[in-house]
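J.: return atomic coordinates for the entry below.
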Amino acid sequence: MNRFLTTTAVIALALAGVHVSARAADVKEVQMLHWWTSGGEAAALNVLKQDLSKEGFAWKDVPVAGGGGDAAMTALKAMVAAGTYPTASQMLGYTVLDYAQAGVMGDLTETAKKEGWDKSVPAALQKFSVYDGKWVAAPVNVHSVNWL
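T.: Residues are numbered from 1 along each chain as shown. Now for the predicted structure:
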């Protein structure tokens, strides 16, 4: 599938993070790399923060300004290369698959099964959330990338 012409992109949070599901369970802190830094975006992110807080997790923002996320993805790439990656990251659909193919995404399958994601997340979005039979991302926002 051509990345540029794809009609749907998933902004995903890999909530078990890049190889850190055990660390997240021990530390109970989610370090979230994102580019939602404007007023409305920050308000939306606060909903996720509040939900995690109810589950007993602390939230540590790792914001990288820049509307389209290019700067954030450059920062993520550098963090992963240095072994200092965040617990979670905002990503667009194909980026999720790239990191999953590289073997650096956590496994959210247990949570997905418990919460019935296979029934509530449309199949088209699961293509960007499930890799090799495992849930590696949780879609939290969807929009089109081909504004023609």
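J.: CA atoms for contacts and neighbours, from now on please.
T.: OK.
J.: in the protein, where's the longest helix?
T.: The longest helix of the chain (DSSP state H) is helix 39-54.
J.: state the mean pLDDT of it.
T.: Averaging pLDDT along helix 39-54 yields 88.
J.: now the angle from the very next helix or strand once past it to helix 39-54?
T.: Note on helix 39-54: by DSSP states H and E, the next helix or strand toward the C-terminus is strand 58-63. Put simply, strand 58-63 runs at 150 degrees to helix 39-54, going by axes from the mean of the first three to the mean of the last three Cα atoms, to 10 degrees.
J.: can you tell me the strand partners of strand 58-63 and which way each runs?
T.: If you go by DSSP bridges, strand 58-63 pairs up with strand 29-34 (parallel).
J.: which residues does the partner strand contact?
T.: 15, 24, 57-64, 69, 72, 76, 86-90 (Cα atoms under 8 Å, 6 or more residues apart in numbering).
J.: tell me where the chain has helices.
T.: Under DSSP H, the chain gives helices at 21-27, 39-54, 70-82, 93-101, 109-115, 117-120, 123-126.
J.: which of the residues in stretch 120-136 are buried?
T.: Residues Leu125, Gln126, Phe128, Ser129, Val130, Tyr131, Lys134, Trp135, Val136 are the ones in stretch 120-136 that count as buried (16 or more other Cα atoms under 10 Å).
J.: tell me the gap between that stretch and the middle of its chain.
T.: Put simply, stretch 120-136 sits 12 Å off its chain's centre (Cα atoms, centre = their mean, to the nearest Å).
J.: so where's the chain uncertain?
T.: Flagging of the chain using pLDDT under 70 yields the residue ranges 1-27, 67, 143-148.
J.: again, only this time at 50
T.: Low-confidence segments of the chain (pLDDT under 50): 1-12, 15-24.
J.: and Thr74, how far from Gln50?
T.: Applying Cα to Cα, to the nearest Å, the value for Thr74 to Gln50 is 27 Å.
J.: of the two, give the one with the bigger neighbour count.
T.: Just comparing Thr74 and Gln50: by other Cα atoms under 10 Å the higher neighbour count belongs to Gln50, 14 against 11.
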